[in-house]
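Engineer: Build me a structure from this.
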Amino acid sequence: MVGQQQVVDAAAAAAAATTRVPVPPPKPLLRTIGGNLMETFFPDDPFRAVARESGGRRALAALRYVFPFLEWLPSYSLAALWSDVVAGVTIASLAVPQGISYAKLGDLPPIMGLYSSFVPPLVYAVMGSSRELAVGTTAVASLLFAATLGKEAPPGEKPELYAALAFTATFFAGVLQAGLGVLRLGFLVDLLSHAAIVGFMAGAATIVCLQQLKGMLGLAHFTTSTDVVAVVRSVVTQSHQWRWQSIVVGCCFLIFLLFARYISKRKPKWFLLSAMAPLASVIAGSVLVYLIHGDRHGIPVIGYLKKGINPPSARDLLLSSPHTMVALRTGIITGIIGLAEGIAIGRSFAMLKSYNVDGNKEMIAFGAMNIVGSCTSCYLTAGPFSRAAVNHNAGCKTPMSNAVMAVAVMLTLQFLTPLFHYTPLVVLSAIIISAMIGIIDYKAAVRLWKVDKIDFCVCVGTYLGVVFGDIQIGLAIAVGISILRILLFIARPKTTVLGKMPNSTNFRRMDQYTVAKAVPGLLVLRIDSPIYFANSGYLRERIMRWIDHEEDRIKAEGLESLKCVVLDMGAVASIDTSGTKMLEDLKKNLDRSSIQIALANPGSEIMRKLDKSNVLGLIGEEWIFLTVSEACYYAQQNCKIGVGMGVVQCVVDPEHMV
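Structural biologist: Next up, the predicted model:
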């Protein structure tokens, strides 16, 4: 048996010594660059459906890619149409009061909220790829318009200039969104982490709710600042101007709206109660104010709304004006926020129905509807969660529900706008508050605390930046912290010590598997990141520190001296010249200490770069291995290691044996 084991060990040693990691054949430069560009900008291979067609079918496939409605329209059925009509009418009942409310929040004429729920949904119905997303104005964008554009052109003093700036900012937002989609730069939106978005949206919702105290308390003047300190100061210093009539009416309708939301959550089949509650509040509030002449007794109303669909506004765009830069900055900020929110919501609902939403198509659709909207008296539109949830619960089948909603809003513009004359502003404030409370996702914050404390800190930091600074500061904090985390992951990658599992050839992390044991004379390290210029210096120092710690442990326990360091390169996807120089320097440093270096499981790009830089020759091809176990076995045989735990077994494929 002993002789047989020696034969097996000798055969395994010979196999380990002769099984080499090959250097892949060279690839042409243009082919390499093209492959990298395809992976960066076209990871989903969007042209696959076009390329497999020929002739006229290829042109039709290209049109279907640009205009997604061509995919579902040929098979559209009466049953799907009925479902979309029901969903469209339902979300229209929410869109009308929300549109008016959010326009008032943005210090814009209320009619612009209705305009923005007519033209953009028609564009999205043609170009959008999400079935559930129902587009319209959002509270965050409205508040941002008021906070940034209002400083440049106060709405009360320069209403025409302010409206022109709103159209211009919407135009720039659309150009940015469409440009990101055309250039396939959707991954830039991913710089906003989930934790940052949760904190940002909660902070924005908090500020929006606080801003509604103006309407709930019936105040004529209010601070234009968005931070919580300024809002509270404005409320407290004007306590003598509070109007009890507005407070009573606002609290009654707010309680009704929150109760309707609560019932809908407890019993999802009653979703229509929550969806219809805003419109019911507007109707009831208007009737109440009309009957008691509330506009004469401290309850402000909307006033006159002109009939008719959207007038053109292309000539109002300020593309070469002293105010253009303000509109550009506002458009970029609101455009990015609209994309991040809309795409995240669209993908979330798509996962529930097992289909995919193309982020780049969505960007183009959002950009197109905002560009067209800016020329038709609309301000920025996106995909608010409240409308998408109602659209989903109402049973929508295709984006046609957006077109149905647009038709319903058009009929409202043509015939029903005079009925909103007596709508009390306090009801609009109650509608906004009830909608914003649903955006504060405290459950997500609790989940972040349980799963990742750092993500929770990102969420809280973003929230505090929005609440105590302003929305732009909060957004800057969100993006800054997210980018910082990315840089830290790249610049400070993980390196872990691996140990041998009992009765196995597998090596696993010793900090995770307590039964994994170090092999005497060997130090096995795993690098969990590509090696770039940004982290090569850190990795060299970190590896040397691991070696120092191992040598100190060996001396303290009186074990065999360190003879070989094995680097598990399985997670190293790529390496640059700084990385190859790091391995070269590491090899020279270890040679001075009579310690051998071995590499295990390097990828094709790693081998190609090591070969081109001559580092492969410096290390020696015989010290490059397929697996960690082979590297350790070969090191034990050639570095005269074996005291303590015995020789590491090496299991190899018989085909590799010579």
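Engineer: Who are the contact partners of Thr206?
Structural biologist: By Cβ atoms under 8 Å, 6 or more residues apart in numbering, the residues touching Thr206 are Val228, Met436, Ile440, Tyr463, Val466, Val467. No exception for glycine: its C-beta is placed from N, CA and C like everyone else's.
Engineer: Alpha carbons only: can I get stretch 501-512 in CSV?
Structural biologist: Only the C-alpha atoms of stretch 501-512 are listed here, as CSV (Å, rounded to 0.1, in the frame of the first residue of the first chain):
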residue,chain,number,x,y,z
MET,A,501,-10.2,21.9,4.3
PRO,A,502,-9.8,18.5,6.2
ASN,A,503,-9.8,15.4,4.0
SER,A,504,-10.1,17.5,0.9
THR,A,505,-8.0,19.3,-1.7
ASN,A,506,-10.1,22.4,-1.4
PHE,A,507,-8.8,25.7,0.0
ARG,A,508,-11.3,28.1,1.6
ARG,A,509,-11.2,31.4,3.6
MET,A,510,-9.9,30.8,7.1
ASP,A,511,-12.0,33.6,8.5
GLN,A,512,-15.1,31.9,7.2
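Engineer: How far does it sit from its chain's centre?
Structural biologist: Relative to the chain's own centre, stretch 501-512 is displaced by 37 Å; criterion: Cα atoms, centre = their mean, to the nearest Å.
Engineer: What of stretch 525-537?
Structural biologist: Worked out by Cα atoms, centre = their mean, stretch 525-537 lies 26 Å from the chain centre.
Engineer: Repeat that for stretch 400-417.
Structural biologist: Using Cα atoms, centre = their mean, the mean C-alpha position of stretch 400-417 is found 32 Å from that of the whole chain.
Engineer: For that stretch, the averaged confidence score.
Structural biologist: For stretch 400-417, mean pLDDT rounds to 91.
Engineer: who touches that stretch?
Structural biologist: Outside stretch 400-417, the residues that touch it by Cβ under 8 Å, 6+ apart are 76, 80-81, 84-85, 87-89, 91-92, 95-96, 99, 111, 114-115, 117-119, 121-122, 124-125, 128, 133-135, 305-310, 391, 394.
Engineer: Repeat that for stretch 344-355.
Structural biologist: Under Cβ under 8 Å, 6+ apart, the answer for stretch 344-355 is 129-133, 197, 356-357, 359, 362, 383-385, 388, 392.
Engineer: Among the contacts of stretch 400-417, which ones are in strands?
Structural biologist: Using DSSP state E, the subset of those located in strands is empty.
Engineer: show me where the stretch 551-658 of the chain has strands.
Structural biologist: 564-568, 596-600, 624-625 (DSSP state E, counting those that start in this stretch).
Engineer: between the contacts of Thr206, which is nearest Trp546?
Structural biologist: Tyr463 (38.7 Å; Cβ to Cβ).
Engineer: buried sites along the strand or helix carrying the closest one?
Structural biologist: Tyr463 belongs to helix 453-468 when assigned by DSSP states H and E. Residues Asp455, Phe456, Val458, Cys459, Val460, Gly461, Thr462, Tyr463, Leu464, Gly465, Val466, Val467 are the ones in helix 453-468 that count as buried (16 or more other Cβ atoms under 10 Å).
Engineer: Off-centre distance for stretch 382-396?
Structural biologist: That offset, for stretch 382-396, works out to 19 Å (Cα atoms, centre = their mean).
Engineer: gap between the two ends of it?
Structural biologist: Taking Cα to Cα, to the nearest Å, stretch 382-396 runs 18 Å from one end to the other.
Engineer: dump the residue contacts of Pro328.
Structural biologist: No, residue 328 isn't Pro; it's Leu. So Leu328 contacts Ala169, Phe172 (Cβ under 8 Å, 6+ apart).
Engineer: That one - that's part of a helix, no?
Structural biologist: Yes. Assessed by DSSP: H, G, I helix; E, B strand; the rest coil, Leu328 belongs to a helix.
Engineer: And it, how far from His392?
Structural biologist: To His392, Leu328 is 35 Å away according to Cβ to Cβ, to the nearest Å.
Engineer: what does Gly331 give?
Structural biologist: Computed as Cβ to Cβ, the Gly331 to His392 distance reads 29 Å.
Engineer: Repeat that for Val85.
Structural biologist: 16 Å.
Engineer: any low-confidence regions in the stretch 551-658 of the chain?
Structural biologist: Within the stretch 551-658 of the chain, the ranges that satisfy pLDDT under 70 run 641-658.
Engineer: again with the chain
Structural biologist: Looking at the chain by pLDDT under 70, you get 1-19, 28-56, 186-192, 224-226, 641-658.
Engineer: Outline the domain layout of it.
Structural biologist: The chain breaks down by the TED database into domains covering 68-482, 491-637.
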